[in-house]
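Q: I would like the atomic coordinates for the input below:
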Amino acid sequence: MNALIDAHCHLTNEEEYAAAGGVQSVLAAAKAAGVKTLIVSGFDLNSSKRARDLAENNDGVFFCAGFQPEEIKKYETGEEDFTRAVEELQTLLTHKKCVAVGEIGLDYHFPDNPSKEFQREIFRRQIDLACRSGLPVVIHSRDACADTLEILKEEREKLGRGFLMHCFSYSAETAAEFAALGAYFSFGGTVTFKKAEKTARAAIAVPQERILTETDCPYLAPEPLRGKFPNTPANVAYVVKRLAALRGVDEEEFCAQVVKNAARLFPATAE
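A: Numbers count the residues shown, from 1 in each chain. Just a heads-up that it's a prediction; the model follows:
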């Protein structure tokens with residue numbers, strides 16, 4: 001059985017997995033499906049703490065901790081609150097199973113999201129935090145390609161541990177620009193969708209030593225399960241199958257490469 005990697009999943013809300021028997025059942029099913037490593041992503045302080053707890057209590061589970069751009073709105077008028085939250089976050093980042101600061105970044109999709117200026121400020125501050133903590137970053141970027149690239153170029157010296165563009169959905173041409181900065185790229189269920197031609201082209205174009213697989217569960221279930229809720233880490237097998245086919249490589253060979261890539265970006269996963 002191939003060793004599979006789910007480099008980005010959300011397992012911190014038990015209610016979301018009720019229909020799948022709960023989070024522990026989901027983890028057992030993932031293990032049975034050959035998922036060797038799962039990285040549970042935080043998106044705010046509480047979810048980051050819950051991700052830590054899951055990692056502490058389950059072999060092969062790691063976590064990242066950070067503030068996703070949609071979750072920082074409450075701090076726009078509360079600098080003291082954000083400072084206190086960051087102090088708690090810093091403690092999480094010292095945990096032996098914390099592999100990155102994330103997910104962080106920019107999201108301009110919804111009009112009621114935090115202001116672009118504030119998102120950019122917090123993105124930069126978390127990149128700085130990752131640098132000081134000796135960790136890579138996991139980036140969420142939605143409808144914000146130009147600003148994401150600009151910030152990463154300006155903060156490049158702080159990205160020595162690398163960064164992951166999770167659930168990558170921009171063009172193949174843009175992927176080359178991110179790759180030039182040292183980016184890794186993970187693809188999830190979207191790459192299996194029949195009309196996701198732009199994502200498919202990007203998945204073919206990214207360097208083989210920089211590609212990872214994810215589910216971003218509980219959403220974005222891959223074909224042939226599209227629309228099913230919840231998506232689960234075991235379904236990363238469908239993503240692997242599609243990516244290997246797109247890139248014209250053997251699935252076993254592809255999985256071995258992904259394991260190597262994950263170990264390079266997130267060294268704790270190889271220990």
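Q: can you point me to the longest strand in the protein?
A: Ranked by number of residues, the top strand in the chain under DSSP state E is strand 98-107.
Q: Report all helices and strands that it contacts.
A: strand 35-41, strand 61-65, helix 116-133, strand 137-142, helix 145-154 (3 or more Cβ pairs under 8 Å, 6 or more residues apart in numbering; DSSP states H and E). For every residue, glycine as well, the C-beta is placed using N, CA and C.
Q: neighbouring contacts of stretch 115-128?
A: Contacts with stretch 115-128, where a contact means Cβ atoms under 8 Å, 6 or more residues apart in numbering, come from 66-67, 69, 72, 75-76, 82, 86, 101, 104-108, 113-114, 137, 144, 147, 151, 155, 158-159.
Q: What residues of it count as buried?
A: Buried residues in stretch 115-128, defined by neighbour count with 16 or more other Cβ atoms under 10 Å: 118, 119, 120, 122, 123, 126, 127.
Q: now stretch 24-41
A: Neighbour-count burial for stretch 24-41 [16+ other Cβ under 10 Å]: 26-27, 29-31, 33, 35-41.
Q: can you give me the helices for this protein?
A: 23-32, 45-57, 79-93, 116-133, 145-154, 172-180, 197-205, 236-247, 251-265 (DSSP state H).
Q: Highest mean neighbour count out of the ones you listed?
A: Burial of those is given as mean neighbour count (mean count of other Cβ atoms under 10 Å); helix 236-247 ranks first at a mean of 20.
Q: orientation of that one relative to helix 251-265 in degrees?
A: 100 degrees (axes from the mean of the first three to the mean of the last three Cα atoms, to 10 degrees).
Q: From the contact counts, what lies against helix 236-247?
A: Checking 3+ Cβ pairs under 8 Å, 6+ apart, helix 236-247 ends up next to strand 4-9, helix 197-205, strand 211-213, helix 251-265.
Q: Convert the C-alpha atoms of that helix to PDB, please.
A: Extracted C-alpha coordinates of helix 236-247, given in PDB (Å, rounded to 0.1, in the frame of the first residue of the first chain):
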ATOM      1  CA  VAL A 236      -6.600  11.900  -0.400                       C
ATOM      2  CA  ALA A 237      -6.100   8.700  -2.400                       C
ATOM      3  CA  TYR A 238      -8.300  10.200  -5.200                       C
ATOM      4  CA  VAL A 239      -6.200  13.300  -5.300                       C
ATOM      5  CA  VAL A 240      -3.100  11.100  -5.600                       C
ATOM      6  CA  LYS A 241      -4.600   9.100  -8.400                       C
ATOM      7  CA  ARG A 242      -5.500  12.300 -10.400                       C
ATOM      8  CA  LEU A 243      -2.200  14.000  -9.800                       C
ATOM      9  CA  ALA A 244      -0.100  11.000 -10.800                       C
ATOM     10  CA  ALA A 245      -2.200  10.700 -14.000                       C
ATOM     11  CA  LEU A 246      -1.900  14.300 -14.900                       C
ATOM     12  CA  ARG A 247       1.800  14.300 -14.400                       C
END
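Q: How far away from the center of its chain is that helix?
A: The chain centre lies 17 Å from the centre of helix 236-247; the measure is Cα atoms, centre = their mean, to the nearest Å.
Q: and the angle for that helix with helix 23-32?
A: Using the same axes, to 10 degrees: helix 236-247 against helix 23-32 is 40 degrees.
Q: model confidence over helix 236-247, on average?
A: When pLDDT is averaged along helix 236-247, the result is 98.
Q: what's the least confident helix or strand in the chain by mean pLDDT in contact with?
A: The weakest-scoring helix or strand in the chain, judged by mean pLDDT, DSSP states H and E, is helix 79-93 (a mean of 95). The contact list for helix 79-93, computed with Cβ under 8 Å, 6+ apart, reads 42, 45, 48-49, 52, 65-67, 72, 74-75, 98, 101, 122, 125, 129, 133, 135.
Q: Apply 10 Å and report the result again.
A: For helix 79-93, contacts defined as Cβ atoms under 10 Å, 6 or more residues apart in numbering pick out 42, 44-46, 48-49, 51-52, 63-67, 72, 74-76, 78, 98-101, 122, 125-126, 129-130, 132-135.
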